[in-house]
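Peer 1: no letters, just coordinates:
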Ligand SMILES: NC(=O)c1ccc[n+]([C@@H]2O[C@H](COP(=O)([O-])OP(=O)(O)OC[C@H]3O[C@@H](n4cnc5c(N)ncnc54)[C@H](O)[C@@H]3O)[C@@H](O)[C@H]2O)c1
Ligand SMILES: [Zn+2]
């Protein structure tokens, strides 16, 4: 049965972590101490349960706790020789573990184990960090909290910080917690309720003090021309800038993006002090590990033209890279890990909003959330005093800390399509849906575009759930691919959802089986509008993004066996498919210079899951061949060389191969996925 102290710890952690004013995502940690029976001796043993490395308080479960023997953990004090050896203590935590279960102990374990209180919280609340980063934070702490909260000068998290806080608790019996300079807060209590009350009291008292004592306009007066553009205009501007900015953020390695036009960001960028403050960078270690030491800020008003903004961003990107190299060179020691990339993770555009980047959507989104936290921190600190983040050299000591490097090295190998953003048209059904599923399962972010928004969102939700990651993995958008404006809106939505585009699948289609004499102009136009014209419109809108990003890309056409095979009752469909098939060759020839590959897949006889077959085509085909509609798949299988039925996932697999990591030197190719139809062999 779960230990009572553990149950209380989990409940408290979940409550604290659920409210963003208490701590940032995955930021901070909480612990409890208690007794269990040692299975080896049958004697009682004192344990420390503490949130493990990398977990999130809001969603913490027992499996996310590191469990240590308190006597062994505390015995480390006797072998500790000083701050220059403190990293060895973190390595020694593994020798204090109680059993094999549980998460890896984090760097903050020492603070929790060494402080003499049953329950301990360490949190990163914006209001607390505002006090912690105020130039006169120590005096403010006294003024706000009297002797109940003690100031701890900045120190990199680790064993020594744990000893410092333990000493403070021992020396100040009336204190319920402390403000950790430059960083956050720690609070304690003999019961879980007492500890939670201490944490909340510190956070609420700090927030109330800031609200009451902050000067008006902590970020200075508003700047002419820097006010937020009207919503529709700034979204359009964001979509137009996103490819350039993603290209900038991905110069060293490809990144997924997140965009927000939160008021907090727009207000900051509209105020006079934002360039000075942004250049000072973030302070809480959690913040700058995700946001880099500082953002790239476009130093043009919102009234600048798109062309001016794009040109200036290019210059600023080059300067940013030089500046980051300078930061690395100034602080790197001979044993520092190599530089990890010089591109910004946060790009701020006045009047428009913030672009944030990461190795996947969740990381990119959280980086943006952390910069919003950092803006709140700066507002609080500037309102009371002057914002004074930790020194650049200290930021470097954390960013390139051997323990951070080890954490990065432990990360699982990325999936083959990680960082790639896919857009699949007609993806609410059949082949398109299977393709979106496959691409997402292989690590891509996918945009599901289809005629019905509801069905597109349903398919996206199902994929988000199957792959894990929800809206961070798949988004649904409405489109009629035969409408140029709708196609542009779809591409804009995709770019705003994930930062850009890499992989475009022209799959939307429909099929009407009619003889020449029965085919109406409308039949002809409709099929050509959706397939021939539709894929042209999608390719054109997407190629603008691909070219602007400068990161290459893939366009895959789902054409058909019928693009080469000739049979009766198929004029309009077959001709539209042949048109699509030749677009593949034409665009492969044209877009190659931008690193964009264009290939096609020729499916045949995909009955299961296909809306085309369910919507009448199947019945007609079955009638033509004199079989029952339900046996059509098996009938088609018997006609093939391999005698196998073709399923949507077989087409999806071919799309993956064409744009996956192995087929990097192939463009202008069509891959038949038809179980072998000699009459449709390509030559
Ligand atoms: N099923 C097969 O045997 C087969 C064989 C060869 C080629 N194909 C091609 O594969 C593609 C997918 O076919 P499927 O069998 O999965 O059919 P499907 O009907 O299950 O899926 C097609 C999807 O495209 C969407 N769509 C139609 N018109 C659209 C428009 N104007 N804008 C946006 N979306 C639109 C539909 O709503 C539908 O969700 C088609 O291009 C089809 O021609 C299918
Ligand atoms: Zn912390």
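Peer 2: Received it, and whenever you're ready, just let me know what you need. No experiment lies behind these values; they were computed from the predicted model shown. Ligands and ions are numbered 1, 2, ... in the order given.

Peer 1: residues contacting the residue of the stretch 101-250 of the chain found nearest ligand 1?
Peer 2: Of all residues in the stretch 101-250 of the chain, the one sitting closest to ligand 1 is residue 239 (19.7 Å; Cβ to the nearest ligand atom). (Each C-beta comes from the backbone N, C-alpha and C, glycine too.) By Cβ atoms under 8 Å, 6 or more residues apart in numbering, the residues touching residue 239 are 491-492, 495-496.

Peer 1: among those residues, which are in helices?
Peer 2: Using DSSP state H, the members of these that fall within helices are 491-492, 495-496.

Peer 1: quick one on the thing from earlier: doesn't the residue of the stretch 101-250 of the chain closest to ligand 1 belong to a helix?
Peer 2: Yes. Under DSSP: H, G, I helix; E, B strand; the rest coil, residue 239 falls within a helix.

Peer 1: adjust the sequence numbering to begin at 43 for everything that follows.
Peer 2: Okay, residue one is now 43; in that scheme the one you just asked about reads as residue 281.

Peer 1: state the pLDDT value of it.
Peer 2: Residue 281 is assigned a pLDDT of 98 by the prediction.

Peer 1: and it, how far from residue 562?
Peer 2: Applying Cβ to Cβ, to the nearest Å, the value for residue 281 to residue 562 is 38 Å.

Peer 1: repeat for residue 322
Peer 2: 68 Å.

Peer 1: which secondary structure element of this structure has the lowest mean pLDDT?
Peer 2: In the chain, the helix or strand scored least confidently by mean pLDDT, DSSP states H and E is helix 444-452, which has a mean of 80.

Peer 1: hmm, back to that, which of the ones in helices among the contacts of residue 281 come close to ligand 1?
Peer 2: Under the cut-off given by Cβ under 6 Å from any ligand atom, ligand 1 has nothing from these close to it.

Peer 1: can you tell me which residues contact the residue lying closest to residue 637 once chain neighbours are set aside?
Peer 2: Leaving aside its chain neighbours, residue 637 sits nearest to residue 594 (3.2 Å; criterion: Cβ to Cβ, 6 or more residues apart in numbering). When contacts are counted by Cβ under 8 Å, 6+ apart, residue 594 is found next to 544, 588, 636-639.

Peer 1: neighbour-wise, which one of those residues leads?
Peer 2: Highest neighbour count within these, by other Cβ atoms under 10 Å: residue 544, with 26 neighbours.

Peer 1: which ones are touching that one?
Peer 2: Contacts of residue 544 (Cβ under 8 Å, 6+ apart): 296, 461-464, 486, 588, 593-596.

Peer 1: repeat that with 6 Å
Peer 2: Contact analysis of residue 544 by Cβ atoms under 6 Å, 6 or more residues apart in numbering lists 462-463, 595.

Peer 1: swap in residue 210?
Peer 2: Residue 210 makes contact with 192, 220 under the criterion Cβ under 6 Å, 6+ apart.

Peer 1: what does residue 208 give?
Peer 2: 156-157.

Peer 1: apply 10 Å and report the result again.
Peer 2: Counting by Cβ atoms under 10 Å, 6 or more residues apart in numbering, residue 208 touches 116, 119, 152-153, 155-159.

Peer 1: just to be sure, it is in a strand?
Peer 2: No. Judged by three-state DSSP, residue 208 forms no part of a strand; its state is helix.

Peer 1: how near is it to residue 219?
Peer 2: According to Cβ to Cβ, residue 208 stands 13 Å off from residue 219.
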